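Q: Give me a model of this one.
(chains A and B)
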Amino acid sequence: MSTPLKLVKNLSDEENNYQDISKKKQKQPMVCYDKISKSYGDLQVLKKIDFDIAPGEKVALIGPSGSGKTTLARLLMTLEEPTSGTIKVDGELLWHQKIKGKKVKANEKHLQKIRGKIGMVFQHFNLFPHMTILDNVAAAPIHVAGIPRAEAEEQAISILEKVGLSDKFNAYPSQLSGGQKQRVAIARALVMRPQIMLFDEPTSALDPELVGEVLGVIKDIAQEGEMAMLLITHEMDFAKDVADRVAFFDEGRIVEEGKPEELFYNPRSTRLQDLLSRFRGR
Amino acid sequence: MWNWDYAIKIFPEIFAALKITVTATFVGFALAMLLGLVLAISRRSSVKTVAYGSKGLIEFIRNTPLLVQLYFIFYVLPEVGIYLSPLSAGIIGLGIHYSTYLSEVYRSGIEAVPQGQWEAAKALNFSPWQVWSKIIIPQGLPPVIPVLGNYLITMFKETPLLSAITLVEILQTAKIIGSHSFRYLEAFTIVGILFLILSYPSSVMVRRLEMRMNKSLR
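A: So this is what the prediction gives:
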């Protein structure tokens, strides 16, 4: 059973009240995973996941590598197709559409419409190496949103300044450090004003001394509020600071979820206890 | 044996025919580049029939001789009402035949573009066409330009094959001159030298380009 945290914020006894509240008519979730499964051959990486994200909510996904966290985000970004189940974004089916009352596989046009509400930051940045930093950020506004170049570049410049890269406009990605690359990648996703941003282990590929600058930028964005965020991370302190809610993944299931304080200070499952003690030990 | 006066006398006529050879080469190659790209992209289509169809077509054309294809275009198509001049038939034949080789060249370039580039472009909501034109081709094409250059030279050297479909290109011109005077040595030697003069510097240029690209990719 999963419920957006905001609705249970003031309740003391979540266990019982979770159920009651979820039955009531509630504000439409930003994202709604309904019995989502994903398999690669015999390997089932997601097992009937039910999971919601409220508008503006910051959710952190933690869990061991290979537990299915990244797959959950990739299904939402339409990089992979679920084996079964449905995903709704802003009340609309993502992978399916209704044509004459029949549920059919979504066509590219439908996918594009929904994708426009979602942004993603990748572990390995995936900047476009043949474009300058400015073009990396301005490309989607120009080609996807159809904004005139001058205006798109203005937007790109203001976002790049926000992530602290005002002196790198004409550099190419290969001239940047990992932390700078990831900040460009964040700016590139941000400039399209998504309603939800997915961060897939944004600092896992970085040298330790560069992690801070990237987490700082993400924190700043989180504090602005409006946008929902799905943060897949191994940085527990960061998850605690930024997230409204934390979900612990293990072996394709959500084992535990709740407010960061509860999860981190009072983990119920032994698997989460193990994971946390390993991180504290570092 | 070798007669300088005669060689100098026939040179202008052979040299003039070079125009036809060069035209067939460049127009044919332009066609091959375009068709090759279409084949390379449709080979990766998510529509299975398109993907397998183009793969089948590539294998079929690659594994039958160019000469057979040229004969087919020039001598068989008229039977179904399609009449082509020797030059058009030659250009189309060369273009189609080489497009299958070039599609493999493009393929190696495309496959060298990391998967993350496709995903980032998709996440930014680029349309499939934009993913190709803005992200994949600009990254996949430059590294294979030297290979394309080598195919251009190879194709240039294969144009004498077009004499088989009555195109009066450089070799056919030499043959006609020879058959008039029964002196073949000078005519064929001039043809060989002209090919050498054009091919060798081009292949040196391609090699230089290759070296420069390898350096810049490092």
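
Q: can you list the residues of the stretch 51-200 of chain A near chain B?
A: A:77-79, A:108, A:112, A:115-116, A:118-120, A:122, A:124, A:126-130, A:139-140, A:143-144, A:185, A:188-189, A:192 (C-beta under 8 Å from any C-beta of the partner chain). (C-beta placed from N, C-alpha, C; glycine too.)

Q: Kindly give a single ChimeraX line that selects the buried subset of the residues you listed.
A: Those of those that count as buried under 16 or more other C-beta atoms under 10 Å in any protein chain shown are selected in ChimeraX with:
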select /A:77,78,79,112,115,116,118,119,120,122,124,126,127,128,139,140,143,144,185,188,189,192
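
Q: Among the residues of the stretch 51-200 of chain A next to chain B, which lie within helices?
A: Secondary structure defined by DSSP state H assigns A:Glu108, A:Gln112, A:Arg115, A:Ala139, A:Ala140, A:His143, A:Ala185, A:Arg188, A:Ala189 of those to helices.

Q: Dump those residues to a markdown table, plus pLDDT.
A: As requested, those are arranged in a markdown table below (pLDDT from 0 to 100):
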| residue | pLDDT |
| --- | --- |
| A:Glu108 | 87 |
| A:Gln112 | 91 |
| A:Arg115 | 94 |
| A:Ala139 | 96 |
| A:Ala140 | 95 |
| A:His143 | 95 |
| A:Ala185 | 96 |
| A:Arg188 | 96 |
| A:Ala189 | 95 |
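
Q: Can you check the pLDDT for the residue nearest the centre of chain B?
A: For chain B, the residue whose C-alpha lies nearest the mean C-alpha position (C-alpha atoms, centre = their mean) is B:Phe29; its distance is 3.8 Å. The confidence metric pLDDT takes the value 97 at B:Phe29.

Q: Quick check: it is in a helix.
A: Yes. Assigned with DSSP: H, G, I helix; E, B strand; the rest coil, B:Phe29 falls within a helix.

Q: Now it. Nearest residue, chain neighbours left out?
A: Counting by C-beta to C-beta, 6 or more residues apart in numbering or on different chains, B:Phe29 lies nearest to B:Leu152, which is 5.3 Å off, once chain neighbours are set aside.

Q: On the three-state scheme, the one you found is what?
A: helix.

Q: what sits against it?
A: For B:Leu152, the contacting residues are B:Thr25, B:Phe29, B:Ser202, by C-beta atoms under 8 Å, 6 or more residues apart in numbering or on different chains.

Q: Looking at the ones in helices among the residues of the stretch 51-200 of chain A next to chain B, which two lie furthest apart in space?
A: Using C-beta to C-beta, the pair of these lying farthest apart is A:Glu108 and A:Ala185, separated by 24.3 Å.

Q: if we can go back for a sec, of the contacts of B:Leu152, closest to chain A?
A: Proximity of these to chain A was ranked by C-beta to the nearest C-beta; the top entry is B:Phe29 with 24.6 Å.

Q: Surely that closest one and B:Ile96 touch.
A: No. The pair B:Phe29 and B:Ile96 fails to qualify as a contact (C-beta atoms under 8 Å) at a distance of 12.0 Å.

Q: residue closest to the middle of chain A?
A: Of all residues in chain A, the one closest to the mean position by C-alpha atoms, centre = their mean is A:Leu198, 2.1 Å from it.

Q: contact partners of the helix or strand where it lies?
A: Using DSSP states H and E, A:Leu198 falls within strand A:196-200. Residues outside strand A:196-200 that contact it (C-beta under 8 Å, 6+ apart) are A:30-31, A:53, A:70, A:73-74, A:76-77, A:89, A:117-123, A:189-190, A:218, A:221, A:227-233.

Q: which residues in the stretch 151-282 of chain A form helices?
A: Per DSSP state H, counting those that start in this stretch, the stretch 151-282 of chain A has helices spanning A:178-190, A:208-224, A:236-242, A:260-265, A:270-280. These are given in chain order.

Q: which SS class is B:Asn125?
A: Judged by three-state DSSP, the three-state class of B:Asn125 is coil.

Q: If you tally nearby residues, what's the number for it?
A: The number of residues packed around B:Asn125, counting by other C-beta atoms under 10 Å in any protein chain shown, is 23.

Q: who's in contact with it?
A: Residues in contact with B:Asn125 (C-beta under 8 Å, 6+ apart) are A:Gln112, A:Arg115, A:Gly116, A:Ala140, A:Val144, A:Met192.

Q: any idea how far A:Ala145 is from the third one?
A: Read it as A:Gly116. A:Gly116 sits 9 Å away from A:Ala145 when distances are taken as C-beta to C-beta, to the nearest Å.

Q: So for these two, which residues contact both of them?
A: When contacts are counted by C-beta under 8 Å, 6+ apart, A:Gly116 and A:Ala145 are jointly contacted by A:Met192.

Q: got a pLDDT number for the residue of chain A most remote from its centre?
A: No residue in chain A has its C-alpha farther from the mean C-alpha position than A:Lys100, which lies at 32.7 Å (C-alpha atoms, centre = their mean). Predicted confidence (pLDDT) at A:Lys100: the value is 81.

Q: And for the one 10 residues further on?
A: In this model, A:His110 is scored at 90, pLDDT.

Q: got it, and the one 3 residues further on?
A: Confidence per residue is given as pLDDT, and for A:Lys113 that number is 91.

Q: A:Glu161 now?
A: Among the per-residue scores, A:Glu161 shows a pLDDT of 94.

Q: Setting aside sequence neighbours, what's the nearest residue to B:Arg107?
A: Counting by C-beta to C-beta, 6+ apart, B:Arg107 lies nearest to B:Ala40, which is 5.1 Å off, once chain neighbours are set aside.

Q: quick one, what contacts that neighbour?
A: Contacts of B:Ala40 by C-beta under 8 Å, 6+ apart are B:Leu102, B:Ser103, B:Glu104, B:Tyr106, B:Arg107, B:Ile110.

Q: Report all helices and strands that whichever strand or helix holds the last one contacts.
A: Mapping B:Ile110 onto the secondary structure by DSSP H and E places it in helix B:86-111. Packing contacts for helix B:86-111, counted by 3 or more C-beta pairs under 8 Å, 6 or more residues apart in numbering or on different chains; DSSP states H and E, involve helix B:4-43, helix B:48-62, helix B:66-71, helix B:137-140, helix B:145-158.

Q: For the ones you listed, give me TSV that also has distance to A:Ser204.
A: Compiled in TSV, those are given as follows (distance: least, C-beta to C-beta, whole Å):
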stretch	distance to A:Ser204
helix B:4-43	33
helix B:48-62	34
helix B:66-71	52
helix B:137-140	24
helix B:145-158	35
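
Q: Let me know which of those is the nearest to A:Gln175.
A: Ranking the helices and strands packed on helix B:86-111 by proximity to A:Gln175 (C-beta to C-beta) places helix B:137-140 first, at 17.0 Å.
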